[in-house]
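Undergrad: Attaching a predicted model along with its sequence, questions to come.
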Amino acid sequence: MSLARIARRTFVGGLFGTLLIAGFIPYLYNLQWPVLACLGLSALSAVLWVVFSLDRIHLWTKQRGTQWGLSLVITAVAAVGILVVVNWAANAYNVKKDVTQNQFHSLSDQTRNIAGGLKENITIRVWSMNIDRMSVNLDMRRFLENYRIAGKGKIKVEILNPNENRPEAERDGVKRDNILIVRAASGREARIETFNDAKGEEQLTNSLIQATHGAKGRKTVCFLAGHGELSLANTQPDGLSNIKEQLENSQYTTKEISLATTPENKVPAECEALVIAGPRSEPLEHKEGLNEIASLKAFLSAGGKMVALFGSATPEKWKQLASDYGVNIRQDLVLDPRVRPPFAVATKNFAQDVDFVKAFDAMVILPESSSIDVSGAKKDGGVSVRTFLSSESFAYAKAGNLRSLRTISPVGNDIRGPVPLGVLITQPVTAAPAAEKAPEKKEAPKAKTSWNWPSLVPEARAQDDGHGHAHEGAPPEGLPPGLGGMPPKEEIKDGPKDLKNEMNLILVANHAFLMNSFVTQSGNADLFLNSVNYLLKDQDLIGIRPREVRQTSLKLSNETRRQVRATMLIVGLAFLWGAFLVRFRRSV
């Protein structure tokens with residue numbers, strides 16, 4: 001046996017011995033010298049092999065196949081080097097492309113909207129003794145950098161160690177590790193005392209909302225109760241506890257109301273938006289004057305904002321709310337052959353001319369949905385009916401309901417998709433003039449006396465221009481003498497700011513998509529929350545919400561990790577060595 005062959009085999013044996021000791025013989029690995037001895041023997045054998053094989057190596061390098069192979073190896077090494085440099089630059093400057101389906105590694109649409117639309121500077125101060133160990137699921141430095149970039153100069157991130165900045169930590173009231181403080185330039189702040197990395201973006205974005213929108217006051221979203229509607233307090237699959245939590249995280253107050261117990265059976269003034277989620281019994285009508293449908297119509301005609309989630313099982317009288325505008329919910333069931341079972345509709349067919357869905361790109365799942373007939377929609381009186389959600393063309397609507405269904409195959413009289421599933425109905429509201437009053441004998445007001453215009457004639461705060469927009473015009477009738485001119489603008493500031501000059505009714509022919517069992521699927525929650533944001537004029541909150549990050553990790557002990565690495569390297573080395581020998585012998 002030649003010396004070159006002995007050296008070659010010794011070299012390979014030393015490498016295999018190193019891997020075997022490192023991966024499978026912990027006792028020798030801990031001694032360290034056996035590993036160093038094997039590596040030293042391999043290195044010496046490699047040098048001797050090259051010395052004893054100079055002639056063969058020289059002939060081998062002159063082969064065309066060898067030169068081609070070497071050029072390929074050099075090209076591969078160069079490509080790997082370029083990728084390493086690009087990856088380093090992307091990490092250094094936080095430039096990356098998130099290709100995951102749910103965009104888990106980048107900020108959500110809603111977060112970018114909020115951060116990009118900030119009107120004042122925000123400071124995110126992170127108190128942590130070790131920021132790199134603060135989260136298992138998130139790279140906190142990159143995560144916070146994403147917020148800084150999304151803020152377009154309005155967000156500043158400070159990472160502080162409470163042990164190294166004790167006076168500052170005491171001023172911030174920091175008494176534990178891993179606390180985030182979001183502070184606006186106006187002085188308002190929100191704190192995250194217990195950081196949950198699985199919901200890190202949701203927590204931090206909600207804190208941004210609190211620090212900026214919180215100063216404006218929390219708006220109230222009321223849910224009608226008393227007719228078997230979905231309940232906010234119900235944590236079961238058919239409840240609304242999940243959507244209640246998400247609304248309150250968006251700085252809204254939620255409340256259930258019953259018209260039978262409210263003063264004058266009217267929608268309370270505090271309800272800035274009303275949701276009717278799947279009533280199962282008829283609306284109340286008593287001889288004593290209680291008429292719930294009439295009360296709801298009065299709410300709408302006064303500029304109310306409403307979300308009506310109805311279906312084929314909803315009693316007909318409830319549908320009068322939309323039928324007055326020529327919009328009707330059909331007694332049918334929309335089927336989608338792509339879904340199994342096909343009793344739910346999966347769609348991304350959103351109208352691009354409706355604000356709260358024009359940039360929506362998430363699938364919504366609507367179980368047991370009906371279709372909406374908009375063919376008779378009214379256009380007089382400034383009424384506008386726009387379909388914002390439709391099924392895909394694959395779907396079709398069959399008359400009846402799930403119980404009466406005989407076949408799921410499409411037949412001739414079925415309504416083929418796309419069919420309307422959600423519509424937005426709007427109508428300008430014209431304020432009624434104030435009733436005339438007999439002039440009272442009072443002393444003429446002094447020149448410096450200021451009058452509160454809205455408090456004098458609350459019914460005539462705005463006049464409509466015929467296009468649904470209120471404007472300041474001639475003074476309404478019925479004013480006391482001497483008040484014919486418009487008051488100065490600074491006097492109007494004290495009056496109500498929220499002029500309800502337009503009725504908004506969002507109708508969806510489905511309510512089950514909002515239940516706890518379905519609301520977390522794809523874009524269901526986002527569709528409803530965007531609807532509420534639109535009604536309450538919170539356009540900067542419209543978007544795709546942060547998703548909960550769930551990371552599944554394989555936990556291995558140190559010994560097991562060494563074994564896995566050693567096994568992979570041994571297999572790879574054996575493959576490369578075999579390929580090299582075959583190529584070397586054929587070429588020489």
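TA: Received, thanks. Residues are numbered from 1 along each chain as shown.

Undergrad: Any stretches of the stretch 351-500 of the chain with poor pLDDT?
TA: 431-500 (pLDDT under 70).

Undergrad: Give me the neighbour count for residue 398.
TA: 22 (other C-beta atoms under 10 Å). Any C-beta I mention is one placed from the backbone N, CA and C, and that applies to glycine too.

Undergrad: Point me to the helix or strand that includes it.
TA: Secondary structure from DSSP states H and E places residue 398 in strand 396-399.

Undergrad: Quick check: can you name the pairing partners of the lengthiest strand in the chain and their directions?
TA: If you go by DSSP state E, the chain has its longest strand at strand 420-428. Note on strand 420-428: by DSSP bridges, its sheet partners are strand 384-390 (antiparallel), strand 502-508 (antiparallel).

Undergrad: Select, out of those strands, the one closest to residue 209.
TA: strand 502-508 (22.0 Å; C-beta to C-beta).

Undergrad: C-terminal to the closest one, which secondary structure element comes first?
TA: helix 516-519.

Undergrad: That following helix: how far from the chain's middle?
TA: Relative to the centre of its chain, helix 516-519 is centred 15 Å away, using C-alpha atoms, centre = their mean, to the nearest Å.

Undergrad: Check which helices and strands that helix sits against.
TA: On a contact count with 3 or more C-beta pairs under 8 Å, 6 or more residues apart in numbering; DSSP states H and E, helix 516-519 meets helix 241-249, helix 524-535.

Undergrad: out of those helices, deepest packed?
TA: Ranked by mean neighbour count under mean count of other C-beta atoms under 10 Å, the helices and strands packed on helix 516-519 are led by helix 524-535, which reaches a mean of 24.

Undergrad: For it, name the packing helices and strands.
TA: helix 241-249, strand 273-277, strand 305-309, strand 364-367, strand 502-508, helix 516-519.

Undergrad: let's see it at 7 Å
TA: helix 241-249, strand 305-309, strand 364-367, strand 502-508 (3 or more C-beta pairs under 7 Å, 6 or more residues apart in numbering; DSSP states H and E).

Undergrad: Let me have those in a markdown table, extended by distance to residue 129.
TA: Converted to a markdown table, the helices and strands packed on helix 524-535 look like this (distance: least, C-beta to C-beta, whole Å):
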| stretch | distance to residue 129 |
| --- | --- |
| helix 241-249 | 28 |
| strand 305-309 | 46 |
| strand 364-367 | 43 |
| strand 502-508 | 48 |
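
Undergrad: My understanding was that residue 159 contacts residue 126; is that so?
TA: Yes - with contact defined as C-beta atoms under 7 Å, residue 159 reaches residue 126; the gap is 4.9 Å.

Undergrad: quick one, which of the two is more surrounded?
TA: Ranked by neighbour count (other C-beta under 10 Å), residue 159 and residue 126 place residue 126 first, with 21 against 14.

Undergrad: Parallel or antiparallel, which strands does the helix or strand containing that one pair with?
TA: Secondary structure from DSSP H and E places residue 126 in strand 122-127. The pairing partners recorded for strand 122-127 under DSSP bridges are strand 155-160 (parallel), strand 179-184 (antiparallel).

Undergrad: Can you find the helix or strand of the chain with the lowest average pLDDT?
TA: helix 453-456 (a mean of 28; mean pLDDT, DSSP states H and E).

Undergrad: follow-up on the earlier one: for the longest strand of the chain, buried residues please.
TA: Neighbour-count burial for strand 420-428 flags 420-428 (criterion: 16 or more other C-beta atoms under 10 Å).

Undergrad: Max pairwise distance over those: which two?
TA: 421 and 428 (25.9 Å).

Undergrad: Now the strand or helix carrying residue 40: average pLDDT?
TA: Using DSSP H and E, residue 40 sits in helix 33-52. Average pLDDT, helix 33-52: 87.
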